[in-house]
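*Asks:* From the sequence below, what's the structure:
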Amino acid sequence: MNETFLAIINPAAGGGRCRARVGAALDRLRAAGIALETAETSAAGEATRIARDAYARGYRKFLAVGGDGTSYEVVNGLFPESSSRQDRSQESRSQVSGVRFQEPPSESTPTLGFLPLGTGNSFLRDFVDGTSGKDDLEYALRALEARRSRSCDVLRLMHKNGVLYYTNLLSVGFAADVAALRHRRFQALGQFGYLLSIFLCLARLNRRPFPVRVDDETEFDARRCLFLTFNNSKFTGGTMMIAPDAVTDDGLIEYVRWGPIGRVGLIRNLATLYDGTHTRHPLAERRAVRHVEFQLDGPVDVMIDGEVLTVDCQTIDVLPAALRVVV
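*Replies:* Prediction:
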């Protein structure tokens, strides 16, 4: 099995800052004795193809160089189908007296490291102390230099036309509406486009049902809500702690629901989304679950690891310890 890291680089990430900074970061890793090969992307979705082809050729160590979108694409290249190695990973975990037991990773388990040189890397924020920015890159470099890694769950979304994998979160409702509006109309406006999208979504505040049922429940929950999120890690948007109780290696989906809060209530409570205290709001709920089933009327906008897609969601489940992450 190939022990070389394949660094999959999105040079356009961070408005082109990745291209300017990646050389020095890779030189530092090579000086630390880390074997590296590189591949650059030039179009959306290309990181997935590169990772998939490399995995088939025996690569098991990957480095996502860019932002959330780059990491998401690489992960989807490492899990191209519902294979027996993923199913076995589910069977390898059990809980006895509250202690998790897990078989050592097999040769087929991929390893993913990060060089956060894009707009953000929300997943990495679960492990980084301090504020986002330069500290994220320094933390990632030190983790790679120390050869420090740990097991990580991967969440799998089955939808009408296929399957998607993610390590951070999937959201429907308000957060996805804001992300979709910014992506489709205000992308060129940067941070102002994000704020404008929030303002417009607040103005129309579309609180609606997304019928779901979890684990062994018999009935679908079709209550109106502001948003639903299905999380593996705590943060989204860099510093927004949408799922404060999420754990990346517990074999569970952290399910957060916020009910039909009004405009004034949402404005007053926006700050709580950044420290995680929104889950204490009377209209908020959170649960740790293993399986989610949707009963939607058709495709909806979703935000998945920072990407905006329109899909007809069917189920979400967990692939425990299906990935090793360098953190």
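
*Asks:* how much space between the residue nearest the centre of the chain and residue 307?
*Replies:* Taking C-alpha atoms, centre = their mean, the centroid of the chain lies closest to residue 168, which sits 2.3 Å from it. Distance, residue 168 to residue 307, using C-beta to C-beta, to the nearest Å: 10 Å. (C-beta placed from N, C-alpha, C; glycine too.)

*Asks:* now swap in residue 324 and tell me
*Replies:* From residue 324 across to residue 307, the span is 23 Å (C-beta to C-beta).

*Asks:* same deal with residue 266?
*Replies:* Distance of residue 266 to residue 307, given as C-beta to C-beta: 24 Å.

*Asks:* what's the overlap in contacts for residue 168 and residue 307?
*Replies:* 68, 72 (C-beta atoms under 8 Å, 6 or more residues apart in numbering).

*Asks:* since we're on residue 223, how many residues are nearby?
*Replies:* 12 (other C-beta atoms under 10 Å).

*Asks:* How about it, nearest residue that isn't a chain neighbour?
*Replies:* When the adjacent residues along the chain are set aside, residue 223 lies closest to residue 209, with 6.2 Å between them (C-beta to C-beta, 6 or more residues apart in numbering).

*Asks:* which residues does that neighbour bridge with?
*Replies:* For residue 209, the beta-bridge partners under DSSP bridges are residue 224.

*Asks:* before we move on, what about the one 4 residues further on?
*Replies:* According to DSSP bridges, residue 293 are recorded as the beta-bridge partners of residue 213.

*Asks:* Surely it and residue 293 touch.
*Replies:* Yes - Residue 213 is within contact range of residue 293, at 5.3 Å (criterion: C-beta atoms under 8 Å).

*Asks:* Please identify every residue contacting each of the two.
*Replies:* Listed contacts common to residue 213 and residue 293 are residue 220; contacts here mean C-beta under 8 Å, 6+ apart.

*Asks:* circling back to that earlier point, please report how far the residue nearest to residue 223 lies from residue 138.
*Replies:* Distance from residue 209 to residue 138, by C-beta to C-beta: 44 Å.
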